[in-house]
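Q: what follows is a predicted protein model with its sequence.
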Amino acid sequence: MFSQTDPDIQKSDSLNELIPIDTTSLQINSNQTNDTLSESEKKSGLIDNKVIYSAIDSIVLSRDSKKVYLYKNAKIEYGDITLEADYIEYDQENNVVYASGVEDTLGNLIGKPIFTEKSDKFNAKTIKYNFKTKKGYIEEVFTEEEDGYLHSEKTKKLENNDFLMKNGKYTTCDNPEHPHFYLSMTKAKVIPGDKIISGYSYLVLQDLPLKFLFIPFGYFPSQKEQSSGIIVPKYGEERNRGFFLQDGGYYFGISDKMDLAITGDIYSKGSWGGDLNYRFVKRYKFNTNLSLGYKEFIKSEKGLDDYLKSKDFQIRWTHSQDPKANPNSKFSASVNYSTTSYDKYNSKTIENLNTNTKSSSISYSKSWPDSPFRLTADLRHSQNTQTNNVDLTLPVVTFNMDRKNPFRRKGSSGETKWYEDIEISYKSKLENRITAPDSTIFTETQWSDFENGFQHNIPLSTNIKILKYFNLTPQVEYTGILYPNYISRYYDENYYIESTGKYGAIITDTINEIKYAQMVTPSVSLSVGPNIYGMYAFSNPNAKIVAIRHVLTPSASISYRPDLGSMVSQYYSTYEMYSNGEFKDVEYSKFENGLYKLPSSPGESSVISFGLNNNLEMKIRSDEDTATGTRKIKLIEGLKFSANYNVFADSVNWSSIGISGRTTLFKDKININITASVDPYQINKTTGNTINKFQWNDKDAEFLGKIGRLESFRLSIDFKLNSPQNGESGDQSNKGEISESILSNDREIDQSIIQQQQFQKQIIGYVDFDVPWDLGVDYNYNYSKPKFEKVITQTIGINGNLSLTKNWKISFRSNYDITNKELSSTSINIHRDLHCWEMTFSWIPVGRMQSYNFQINVKASTLKDFLKLPKKKTWQENL
């Protein structure tokens with residue numbers, strides 16, 4: 001029945017020498033055989049543990065050879081070692097075990113050995129192992145090491161658990177019988193859980209040896225825990241910078257909470273750069289990441305007209321605190337600072353290249369339990385790469401008190417008195433700020449160049465309901481501002497201006513003296529905003545439309561602030577100026593150059609605000625809602641008109657009319673937004689300044705122009721579609737597999753099914769959309785005409801993702817400038833899953849980032865940087 005037997009058994013003539021043990025039982029284990037160690041073995045201490053064995057078919061003991069034979073699902077356990085196979089023989093005298101598979105009736109080898117020691121496990125054709133010396137000999141071994149697999153014809157297991165291999169294969173393909181690719185290794189040493197060291201190795205692809213793709217030696221780390229090691233650089237060539245090695249360096253796996261990576265780039269034409277990335281995580285405390293980069297970009301050669309050398313650096317730091325660490329105190333940071341040209345020459349994405357602004361913030365906040373007080377302190381930074389200006393706020397500190405009702409009774413029931421709704425709060429801010437060019441911000445800026453000041457406010461207000469619809473809000477607010485300096489201005493008629501050759505100039509002196517300005521500002525406002533409903537119901541019971549509802553929300557408010565008189569006038573002054581043959585007084589604020597402006601100006605003020613909001617809905621009959629049989633459709637989510645009237649202005653009392661609207665159509669697939677501004681006044685046809693004449697009095701205006709002058713208009717439309725499969729439940733795993741087989745030929749499939757499917761498509765013109773996809777289209781229209789010249793910009797964008805099959809994926813994005821008739825920000829990406837390999841193609845056909853990148857590489861990170869075929873053109877070559 002079994003193909004392998006022991007020679008001692010075959011030569012034996014005595015039945016007493018062979019002892020079959022309970023061959024009818026399903027399993028024989030240590031409980032039946034008891035301790036398999038003889039007394040002499042125990043005394044000599046040759047091995048340390050029991051040898052426990054079992055088998056399903058039978059167990060045979062040979063007294064002469066002192067061997068045990070186990071048949072069918074045999075298993076031997078020795079300490080941490082477990083050996084399983086369909087045939088095992090155990091030499092009790094020499095402590096040697098031999099295991100192999102057996103042939104079935106078709107001649108196939110089944111039940112091959114599986115050797116397990118602690119967490120290490122491998123399969124083999126035959127295994128011979130000595131429990132005493134812990135050495136072994138293995139044929140045709142197969143084992144998994146981290147994200148790779150090892151095959152070897154002949155292997156020796158050493159006492160220290162290392163393996164010496166001959167004629168081995170290393171692959172990351174998970175097809176154990178026939179890997180799609182592997183590195184053929186003449187010899188190798190495997191240290192389980194640590195590394196694989198090989199000699200001369202070459203690539204074999206689909207059984208085709210590619211000996212010209214070789215390495216003289218190999219080192220493949222396989223640590224399951226974090227460890228340090230070399231980061232293999234990327235290689236290639238650019239037109240401007242030459243041959244390069246990118247992102248090569250060393251990774252320091254300090255601990256599972258902390259690591260550090262130092263990488264660098266070097267180019268044959270002189271450009272170079274370095275990066276440092278640091279991470280530190282403290283569980284339940286915080287998470288911090290720090291990234292530093294320095295780059296030198298060199299184009300052409302010195303002395304040539306197109307020579308360029310740029311030195312740039314970047315700092316990125318993020319820090320987040322776990323909410324559980326300290327509920328009443330929080331520290332966070334998000335720093336992103338770089339020189340202006342860093343992204344220009346070193347950006348790797350369109351988003352980074354097109355970003356004109358960067359900002360940073362380092363923040364600390366503190367609150368106290370059962371207290372309304374809160375403290376925050378921030379350091380802020382923002383920069384604009386177009387203007388090259390940097391704004392720094394070092395620091396801004398706020399101390400606030402939440403709103404409180406000081407006159408509200410505790411534990412009171414029933415309606416509250418009007419005075420119980422009086423609210424008081426406190427706000428204060430200390431700030432130190434500067435704006436300067438990035439070229440001088442850290443070299444020439446002095447502390448005296450900063451603008452600073454302190455401001456605090458105490459508002460006291462209440463809200464009174466009148467006649468159900470009206471809200472009366474009286475308020476008194478105290479404001480105090482601390483200025484480090486103030487200005488004094490006068491007209492010097494003897495001052496000579498060289499550029500004009502004339503006498504007379506306004507002189508402004510800054511007096512560095514701390515001044516405190518304070519005022520009490522009373523105000524009152526009255527507002528109303530009822531909802532007015534209109535409904536039209538269709539009488540036809542069979543009509544698709546059930547009803548249409550219109551919600552109209554008019555709103556109006558008036559605010560008034562009295563003349564503060566002498567309280568404000570002390571912070572203003574005048575100077576006498578000679579103009580047009582006469583002297584006249586000009587008023588100015590002593591603190592107009594301060595960080596905080598005065599909260600009010602002399603004189604009383606009153607503003608009346610008007611608003612009108614519209615909402616339009618339609619109810620239709622629908623089978624989708626089984627409960628009511630109807631559903632609502634929003635025709636207009638909001639259409640708002642607003643305007644203000646300044647009561648005490650001497651002219652041009654009305655503000656521009658603001659218009660805004662939004663709606664969604666077809667179950668949120670289309671989003672429409674509009675904004676507009678209409679000026680009711682005319683402009684001077686020479687200067688372009690607004691004059692105190694309404695537009696409807698302009699005889700030259702067209703019909704619509706009589707309403708007002710359109711200053712700006714913006715329309716945006718977003719259209720989104722996706723396949724029904726996206727977001728739907730159910731098993732979709734088999735859909736698209738036939739199409740995939742046609743494209744890839746990776747699997748064998750019944751050709752009759754393919755032919756039948758193709759025939760049906762040809763007959764009925766069938767197009768299969770039953771694959772995941774999504775498509776987005778956006779359109780933007782902008783109109784602006786503040787004075788005489790109008791500016792119109794129109795853009796249309798399209799983006800989408802398409803999975804032709806489960807292995808083919810395409811994504812694209814493009815924008816077209818209709819005004820300038822040119823493409824911008826266009827990118828196409830194609831990805832192909834090749835089982836253990838992958839193919840990617842990225843293409844930016846137009847614009848400054850014009851480039852392409854084609855690459856085929858192994859998926860697994862162990863070989864990804866080594867086994868790859870790249871071909872690309874970077875956008876830096878366009879500079």
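A: Yes, it's here.

Q: buried ones in stretch 786-795?
A: Using 16 or more other Cβ atoms under 10 Å as the test for burial, stretch 786-795 gives Thr795. Backbone N, C-alpha and C define where each C-beta goes, glycine included.

Q: now Lys50: how far from Lys67?
A: For Lys50, the distance to Lys67 equals 18 Å [Cβ to Cβ, to the nearest Å].

Q: which residues sit in contact with Arg515?
A: Arg isn't right for residue 515; it's Lys. Contacts for Lys515 (Cβ atoms under 8 Å, 6 or more residues apart in numbering) come out as 482-483, 485-486, 590-591.

Q: quickly list what it is bridged to.
A: Beta-bridge pairing of Lys515 under DSSP bridges involves Tyr483.

Q: and for Val777?
A: Beta bridges link Val777 to Phe719, Ile798, judged by DSSP bridges.

Q: kindly report the same for Phe115.
A: Leu83, Phe122.

Q: if I look at it, how far off is Lys75?
A: Distance, Phe115 to Lys75, by Cβ to Cβ: 12 Å.

Q: go on, Thr795?
A: On the measure of Cβ to Cβ, Thr795 and Lys75 end up 71 Å apart.

Q: re the thing from before, looking at Phe115 and Lys75, which has the bigger crowd around it?
A: A count of neighbours by other Cβ atoms under 10 Å puts Phe115 above the other of Phe115 and Lys75, at 23 against 19.

Q: just to be sure, Glu420 is in a helix?
A: Yes: Glu420 sits within a helix when classified using DSSP: H, G, I helix; E, B strand; the rest coil.

Q: give the contact list for the closest residue to it other than its chain neighbours.
A: Sequence neighbours aside, Arg408 is the residue nearest to Glu420 in space, at 4.5 Å (criterion: Cβ to Cβ, 6 or more residues apart in numbering). Applying Cβ under 8 Å, 6+ apart, we find Arg408 in contact with 416, 420-421.

Q: just send the contacts of Lys515 back as CSV, with distance to Leu430 too.
A: As requested, the contacts of Lys515 are exported to CSV (distance: Cβ to Cβ, whole Å):
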residue, distance to Leu430
Leu482, 9
Tyr483, 13
Asn485, 16
Tyr486, 18
Lys590, 21
Phe591, 16
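
Q: and which of these is nearest to Asp679?
A: In terms of Cβ to Cβ, no member of the contacts of Lys515 lies closer to Asp679 than Phe591, at 32.1 Å.

Q: quick check, that closest one in contact with Tyr572.
A: No: counting by Cβ atoms under 8 Å, Phe591 sits too far from Tyr572 to count as a contact (9.4 Å).

Q: okay, the two: which has more neighbours?
A: With neighbours defined as other Cβ under 10 Å, Phe591 and Tyr572 compare such that Phe591 has more, 20 against 15.

Q: gap between that one and Ser656?
A: Distance, Phe591 to Ser656, by Cβ to Cβ: 30 Å.

Q: how would you label Glu702: helix, strand or coil?
A: coil.

Q: how many neighbouring residues does it have?
A: Neighbour count of Glu702, defined by other Cβ under 10 Å: 7.

Q: what segments of the stretch 551-700 of the chain are strands?
A: Counting by DSSP state E, counting those that start in this stretch, the stretch 551-700 of the chain has strands at residues 572-579, 582-589, 605-621, 630-646, 657-665, 670-679, 681-683, 690-694.

Q: and Pro209, which of those strands is closest to it?
A: Distance to Pro209, taken as Cβ to Cβ, is lowest for strand 670-679 among those, at 57.8 Å.

Q: return the set of buried residues in the closest one.
A: Neighbour count says strand 670-679 has 671-679 buried, by 16+ other Cβ under 10 Å.

Q: ok, residues contacting it?
A: Outside strand 670-679, the residues that touch it by Cβ under 8 Å, 6+ apart are 656-665, 690, 695, 707-720.

Q: and stretch 780-796, by the same measure?
A: So stretch 780-796 is contacted by 683, 688, 709-716, 777-779, 797, 815-819 (Cβ under 8 Å, 6+ apart).

Q: filter the residues you listed down to the buried ones.
A: Among these, those classed as buried by 16+ other Cβ under 10 Å are 683, 709-716, 778-779, 797, 815-816.

Q: could those residues go into a markdown table alongside secondary structure and distance to Tyr503?
A: Shown next, in a markdown table, are these (DSSP: H, G, I helix; E, B strand; the rest coil; distance: Cβ to Cβ, whole Å):
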| residue | secondary structure | distance to Tyr503 |
| --- | --- | --- |
| Ile683 | strand | 35 |
| Arg709 | strand | 42 |
| Leu710 | strand | 46 |
| Glu711 | strand | 41 |
| Ser712 | strand | 44 |
| Phe713 | strand | 49 |
| Arg714 | strand | 49 |
| Leu715 | strand | 54 |
| Ser716 | strand | 55 |
| Asp778 | strand | 59 |
| Tyr779 | strand | 58 |
| Gly797 | strand | 59 |
| Asn815 | strand | 56 |
| Tyr816 | strand | 58 |
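
Q: identify, from these, the entry nearest to Ser539.
A: Nearest to Ser539, judged by Cβ to Cβ, of the buried ones among the contacts of stretch 780-796 is Leu715 at 37.0 Å.

Q: for the closest residue to that closest one other than its chain neighbours, name its beta-bridge partners.
A: The spatially closest residue to Leu715, leaving aside those adjacent along the chain, is Tyr781, at 4.4 Å (Cβ to Cβ, 6+ apart). With DSSP bridges as the criterion, Tyr781 is bridged to Leu715, Gln794.

Q: which ones are touching Leu721?
A: Leu721 sits next to 669, 774-776 when contact means Cβ under 8 Å, 6+ apart.

Q: tell me which stretches of this protein form helices.
A: Ranges of helices within the chain are 7-11, 30-33, 39-44, 342-346, 350-354, 566-569, 737-744, 751-764, 861-864, based on DSSP state H.

Q: quickly list the domain ranges of the chain.
A: Using automatic domain parsing, the domain ranges for the chain come out as 7-218, 225-326+336-350, 356-407+419-449, 528-715, 721-878.

Q: follow-up on the earlier one: including pLDDT and distance to Thr318, could the buried ones among the contacts of stretch 780-796 go into CSV?
A: CSV is the format used below for the buried ones among the contacts of stretch 780-796 (pLDDT from 0 to 100; distance: Cβ to Cβ, whole Å):
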residue, pLDDT, distance to Thr318
Ile683, 88, 49
Arg709, 88, 48
Leu710, 90, 45
Glu711, 92, 41
Ser712, 94, 38
Phe713, 96, 40
Arg714, 96, 34
Leu715, 96, 38
Ser716, 96, 32
Asp778, 94, 31
Tyr779, 96, 36
Gly797, 93, 30
Asn815, 88, 30
Tyr816, 90, 36
